[in-house]
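>>> sequence first, then the predicted structure, then my questions.
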Amino acid sequence: MDVGTLAFSALYQFGDAFAFLVLSACGLAVIFGMMGVINLAHGEFIMCGAYVTVSAAHAGVPLPLAILIGALASAAVGALVEILIIRHLYDRPLDTIVATWGLSLIFTQGTLIVLGSTMAGVGTPFGSFTVGDYSYSLYRLVLCGMAVVVIAGLYALFNWTRFGVMARATIQVPHMAAALGIDTRLVYSLTFALGAGLAGLAGGLYAPTMTLVPTMGTTFIMEAFVTVVVGGADVFLGTAPAAAILAVVKASMTSWYGQLAGQIGLLMAVIIVIRVLPRGISGFLLRERA
Amino acid sequence: MNALSRFFARLEGPQTLGRGPGFWIGFLIVLAGACAYPLFSDGYTVGNTVYFFTWIFMALGLSLIWGYGGALSFGQTAFFGIAGYAYGILTINFGAAYGFTFVALLFAVAIAALFAALLGYFLFFGRISGVFLGIVTLSVTLVLERFMAQTAGPEWKIGAARLNGFNGMSNMPPLTVPWPGGDIVLFPDVQLYYVVLGMLVLVYLGLRILVNSPFGNVLVAIRENPERAEMLGYDIRKYQLGTFVIGAALAGLSGVLYTSWGQYITPSSMGMTAAALPIVWVAVGGRSDLTTTLVGTITVLAVFQALTIHGSQYALVVMGVMLVLTVLLAPRGLIYALARLLARPFSKRASNGQPGDA
């Protein structure tokens, strides 16, 4: 095996890990970065997106459209949750965690009761290609591309659109934004729905690659937590570089000792990072620039 | 008599509800009732009650960390699991003779406490607080669960003890009291009930002394305002770490008692759902007081089991609903609100300002 195929293999594994971290974390990061709320039902929004996507695909909807439907369904549930529960708890961030954990219990168990312990999935599209001696799934490359698209899309949304400006104003000085005529409650609802929708998107994108069970959210949630903790409160200066660094840790540990070692490596990394950089990478970068 | 009244004085203070002769007479009546309970019941039901009791230590530990210290730890079940597995590994390897099970209990609790000290060092000395503390401790718990779940192969054994992956360990000896006329094996029955009840009373009274001591007052000060507590010269990191370790040791005690009670321990006892349950008990009961936590935990466990008999699938949904409603409607806990309501006519302090919600 020559250097080129080795390098490609390493790059592929890095890209795969990077995509997984970015996609599973971005919804959580948007909600945390914008609202200071950690959504423990994040995994269940991912599960919701995956289930809706697969149901739509079974009904004959083409997969890309089905994924979009999954994301929208998840966003709708997110908006509902924000209006019913989260809205009343903004001054109590710790209680939000507890309440969303209650939601997570309800959603997981509710799905188990209503839809049973598993659901027939859809096959992974696009097939595979070979480089050197190994074969690679083309769909994983698509996921990697989607991760980049999501980050770019979020950057565009928050910097170049009217909603983005209003959202950032609301986050920085809420009462000032309200005084300028921004409906801050609506902005919070939309931001939460956006985060939930991104979670649903992650679920929809990964639905063809995994088994659909009501507890599938927990597969994502550890990685999402770790990325957000390492990244800190800023989506662009935090989540993206954190995902890149953690992807190196995860990909190298996984290829040496297996998937669990990858997770343990992530956990070790996060514990060391919080000891050194308690406010995450974005806290570090922002302080450097200021 | 003087020494006794001084002892009682240390049990009471601003950090606990329930004071004065009325409360303690009630306490003694409840205790006497608890002692007499096996006389009116059969061994199976008593064994089942012990099952409730085993969880209370973990809940009291969480009340100390979260309710008094204001640090939201989701890692209680990690320490529970570590101690449970440690007890299993030790007793399977060394047997139950000469009262070794109680040595194993101490070692297992110490291992859980040591792990908590290590983790807590990175967390509190890294000045992690608020929501991050919760998600890091939860991540540790989830990874630990997955680690134990993949130990199915024969290469995963410590001495004679196979870890057995997802199915968990079983057949470790229960706690055994060495006795001249033959060891007393504490199966889930009346004897175990009295041993655990004794431990519970000791832990409850010990924690009351702790939270009403200067240590407890500083802890509550940290919960209310960490910066101010620090400006007053307290190294809040040490206080938080100490609390975290004590809470973890109590969770470890729960783990050992649970493992000894059922003679098994599985990775799912650390999972996402298992980790949520202590939060439900403590939040619903009223985390900022030991007594309401105790009463709340027993109540919620009883409700949970009653529901499980009728339809186990719905029990967890009800737990989730209960948690959400508690946070929205009675953020300081249902039992706590009830206790405040009952205490109001008897106490002037009850009408004073409420300390802020952490």
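That came through, no problem. From a predicted model like this one, the values you see are computed outputs, not experimental measurements.
>>> please count neighbours and contacts with C-alpha atoms only from this point.
Will do.
>>> the host helix or strand of B:L106 packs against which elements?
Using DSSP states H and E, B:L106 sits within helix B:100-125. Secondary-structure packing of helix B:100-125 (3 or more Cα pairs under 8 Å, 6 or more residues apart in numbering or on different chains; DSSP states H and E): helix A:259-276, helix B:76-94, strand B:176-177, helix B:236-262.
>>> I'd like to know which of these is closest to A:A41.
A:A41 sits nearest to helix B:76-94 of all the helices and strands packed on helix B:100-125, at 19.0 Å, using Cα to Cα.
>>> now that closest one: buried residues?
Neighbour-count burial for helix B:76-94 flags B:76-92 (criterion: 16 or more other Cα atoms under 10 Å in any protein chain shown).
>>> out of the residues you listed, who's near chain A?
The subset of these lying close to chain A, counting by Cα under 8 Å from any Cα of the partner chain, is empty.
>>> distance of the residue of the stretch 51-200 of chain A found nearest chain B from B:M169?
Taking Cα to the nearest Cα, chain B has its nearest neighbour within the stretch 51-200 of chain A at A:G102, 4.0 Å off. Plainly put, A:G102 is 29 Å away from B:M169 if you go by Cα to Cα, to the nearest Å.
>>> neighbour-wise, which of those two wins?
Neighbour count, other Cα atoms under 10 Å in any protein chain shown: between A:G102 and B:M169, A:G102 has more, with 29 against 22.
>>> now the closest residue to that one other than its chain neighbours: which helix or strand?
Distances taken as Cα to Cα, 6 or more residues apart in numbering or on different chains place B:G320 nearest to A:G102, at 4.0 Å, with adjacent residues excluded. Remark: B:G320 resides in helix B:290-329, with elements defined by DSSP H and E.
>>> avg pLDDT for the next helix or strand along the chain from that helix?
Downstream of helix B:290-329, the first helix or strand assigned by DSSP H and E is helix B:334-343. Average pLDDT, helix B:334-343: 79.
>>> swap in stretch B:94-107?
Averaged over stretch B:94-107, pLDDT sits at 81.
>>> next one: it to chain centre, how far?
With Cα atoms, centre = their mean, to the nearest Å as the basis, stretch B:94-107 stands 22 Å off its chain's centre.
>>> pull out the buried residues from that stretch.
For stretch B:94-107, a neighbour-count test (16+ other Cα under 10 Å) marks B:G95, B:A96, B:G99, B:F100, B:T101, B:F102, B:V103, B:A104, B:L105, B:L106, B:F107 as buried.
>>> can you check stretch B:320-340 too?
Buried-residue list, stretch B:320-340, by 16+ other Cα under 10 Å: B:320-328, B:330-337, B:339-340.
>>> and what of stretch A:178-185?
A:I182, A:T184.
>>> rewinding a little: now do the helix holding B:L106 against helix B:236-262, angle only.
Helix B:100-125 and helix B:236-262 are oriented at 150 degrees to each other (axes from the mean of the first three to the mean of the last three Cα atoms, to 10 degrees).
>>> mind listing residues that contact whichever helix or strand comes after helix B:100-125?
Per DSSP H and E, the first helix or strand lying C-terminal to helix B:100-125 is helix B:130-149. For helix B:130-149, contacts defined as Cα atoms under 8 Å, 6 or more residues apart in numbering or on different chains pick out A:38, A:93-94, A:97, A:222, A:225-226, A:229, A:260, A:263-264, A:267, A:271, B:71-75, B:77-78, B:123, B:163, B:165-168, B:267-268, B:270-272, B:275.
>>> show me what the helix or strand where A:V229 lies is packed up against.
Per DSSP H and E, A:V229 falls inside helix A:217-231. On a contact count with 3+ Cα pairs under 8 Å, 6+ apart, helix A:217-231 meets helix A:3-35, helix A:42-58, helix A:240-257, helix A:259-276, helix A:280-289, helix B:130-149.
>>> out of these, which gets the lowest mean score?
helix A:280-289 (a mean of 68).
>>> show me what from the stretch 101-250 of chain B comes close to chain A.
So far as Cα under 8 Å from any Cα goes, the stretch 101-250 of chain B lies against chain A at B:122-123, B:125-128, B:130-132, B:135-136, B:139-140, B:142-143, B:146-147.
>>> hmm, try it at 7 Å
B:122-123, B:125-128, B:130-132, B:135, B:139, B:143, B:147 (Cα under 7 Å from any Cα of the partner chain).
>>> just the buried subset of the residues you listed, written out for ChimeraX, thanks.
Here is the ChimeraX command that picks out the buried ones among these, judged by 16+ other Cα under 10 Å:
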select /B:122,123,125,126,127,128,131,132,135,139,143,147
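>>> so which of the residues of the stretch 101-250 of chain B next to chain A is the closest to A:F236?
Closest to A:F236, out of all of those and judged by Cα to Cα, is B:F132, at 19.0 Å.
>>> pull the CA atoms of stretch B:14-24 into CSV?
Taking C-alpha atoms only, stretch B:14-24 is exported to CSV below (Å, rounded to 0.1, in the frame of the first residue of the first chain):
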residue,chain,number,x,y,z
PRO,B,14,-30.9,27.0,59.1
GLN,B,15,-30.1,24.5,56.3
THR,B,16,-32.7,21.9,57.2
LEU,B,17,-36.4,21.9,57.5
GLY,B,18,-37.8,20.3,60.6
ARG,B,19,-36.7,21.4,64.0
GLY,B,20,-37.9,21.4,67.6
PRO,B,21,-39.4,18.7,69.7
GLY,B,22,-42.4,18.3,67.4
PHE,B,23,-40.3,17.3,64.5
TRP,B,24,-38.1,14.9,66.4
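>>> can you list contacts of it?
By Cα atoms under 7 Å, 6 or more residues apart in numbering or on different chains, the surrounding residues in contact with stretch B:14-24 are B:E12, B:V211, B:N212, B:D289, B:L290.
>>> what do you get if the cut-off is 10 Å, keeping everything else the same?
Stretch B:14-24 is contacted by residues B:8-9, B:11-13, B:26-27, B:29-30, B:68, B:208-213, B:216-217, B:220, B:288-292, B:336, B:339-340, B:343, B:346-347, B:349-350 when judged by Cα atoms under 10 Å, 6 or more residues apart in numbering or on different chains.
>>> tell me which residues of it are tucked away?
Buried-residue list, stretch B:14-24, by 16+ other Cα under 10 Å: B:Q15, B:T16, B:L17, B:G18.
>>> now, which of the residues you listed lie within helices?
Among these, DSSP state H puts none in helices.
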